[in-house]
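Undergrad: make a model of this:
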Amino acid sequence: MKKEIQEIDDFITLLQDDGEDLLPEIEKKLSVLEKEVETYSLYIFLNGKHDKGNAILQIFAGAGGRDAQDWVAILLHMYQKYCDKHGFESKILNRSFGEPGGPDSRIGIKNVTVEIHGRYAFGFLKKEAGVHRLVRISPFSSQDLRHTSFAQVVVLPKIEESDAKSLRVDAKDFKIETFRSSGPGGQYMQKTESAVRITYLPTKIVANCQSERSQAKNKKKAMEVLLSKLWRIEEQTRKQKLKGLKGVIDPAWGKQIRNYVFHPYQLVKDLRTQVEATNIKDVLDGNIDIFIESEIKLKD
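TA: As a prediction, the model looks like this:
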């Protein structure tokens with residue numbers, strides 16, 4: 001950006017000699033520079049320990065039955081599109097499908113875990129964590145009734161196995177199981193037991209991975225997800241101690257952060273920043289920068 005500023009200075013110097021012919025070029029360069037400054041200024045706020053690293057995003061269906069499972073599938077599409085637009089690589093590690101047979105043969109998702117690779121992936125996505133509420137005419141209702149659905153989004157920094165020592169966990173406390181990975185409706189995707197489930201026995205926290213054909217790769221990724229969950233608990237405990245409170249309180253469930261309303265009007269509104277958008281289709285197609293950029297600037 002310093003180089004671009006110097007170039008603009010040079011153009012202004014030439015402008016004094018050559019008249020106004022260079023004005024459009026200068027205005028164009030200034031416009032581009034302004035957008036770059038605005039984008040990179042966000043990094044000032046991304047100074048957390050894990051902000052520069054990769055992320056693990058999980059979405060869980062809440063109240064709302066099949067509508068909530070459909071809502072999880074919609075949110076998954078939204079975040080995948082967001083990642084594509086920003087050059088992040090997203091990969092589904094584990095997905096639990098709902099019952100088939102919805103409208104247009106739609107199959108909902110009970111929960112899904114996505115690994116996201118990219119510089120500052122966690123920093124940009126971390127404040128998407130919370131409850132997302134959908135209001136619409138239910139495609140599953142034969143009477144076209146309005147339905148409210150909820151989904152919980154959890155965003156974790158990806159913790160590598162090499163960082164396990166910092167979490168003070170012991171290898172003997174992990175229970176590792178293998179099973180056959182399955183697709184929609186319980187169909188077997190593979191005949192071998194390559195999928196892996198790891199349970200941390202002291203807390204009964206579980207992580208699954210079935211994205212790879214190799215059992216060893218699934219085990220590695222499942223362990224990374226589990227370690228990320230343990231990091232989250234430790235971080236919450238630390239914050240509660242700083243506030244002088246007892247116990248670990250998970251603020252995610254019941255703390256609605258954003259509404260997506262299709263009916264009786266169309267509006268997406270973030271309840272923390274008060275940022276709004278009326279083009280819901282555009283938002284659900286991954287154009288959520290307006291929300292994320294405002295979230296980043298929020299104080300914790």
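Undergrad: how close does residue 119 get to residue 225?
TA: Applying C-beta to C-beta, to the nearest Å, the value for residue 119 to residue 225 is 21 Å. (Each C-beta comes from the backbone N, C-alpha and C, glycine too.)
Undergrad: neighbour-wise, which of those two wins?
TA: residue 225 (24 against 15; other C-beta atoms under 10 Å).
Undergrad: ok, the more buried one - contacts?
TA: 56, 93, 94, 113, 156, 207, 208, 209 (C-beta atoms under 8 Å, 6 or more residues apart in numbering).
Undergrad: quick one: which of these sit in strands?
TA: 56, 93, 94, 113, 156, 207, 208, 209 (DSSP state E).
Undergrad: for the second one, what are its contacts?
TA: So that's residue 93. For residue 93, the contact set (C-beta under 8 Å, 6+ apart) comprises 56, 113, 114, 115, 208, 209, 210, 211, 221, 222, 225.
Undergrad: swap in 10 Å and give it another go.
TA: Listed by C-beta atoms under 10 Å, 6 or more residues apart in numbering, the contact set of residue 93 reads 56, 58, 112-115, 207-212, 218, 221-222, 224-225.
Undergrad: before we move on, what about the third one?
TA: Under the criterion of C-beta under 10 Å, 6+ apart, the contact partners of residue 94 comprise 58, 111-115, 181, 195-197, 207-211, 218, 221-222, 225.
Undergrad: distance of the residue nearest the centre of the chain from residue 151?
TA: For the chain, the residue sitting closest to the mean C-alpha position, by C-alpha atoms, centre = their mean, is residue 57 at 4.6 Å. Using C-beta to C-beta, we find residue 57 at a distance of 12 Å from residue 151.
Undergrad: shared neighbours of these two, anything?
TA: Overlap between the contact sets of residue 57 and residue 151, as judged by C-beta under 10 Å, 6+ apart, is given by 75, 76.
Undergrad: helix or strand next in line after the lowest-mean-pLDDT helix or strand in the chain, which one?
TA: When each helix and strand of the chain is scored by mean pLDDT, DSSP states H and E, helix 2-18 comes last, with a mean of 80. Note on helix 2-18: by DSSP states H and E, the next helix or strand toward the C-terminus is helix 23-40.
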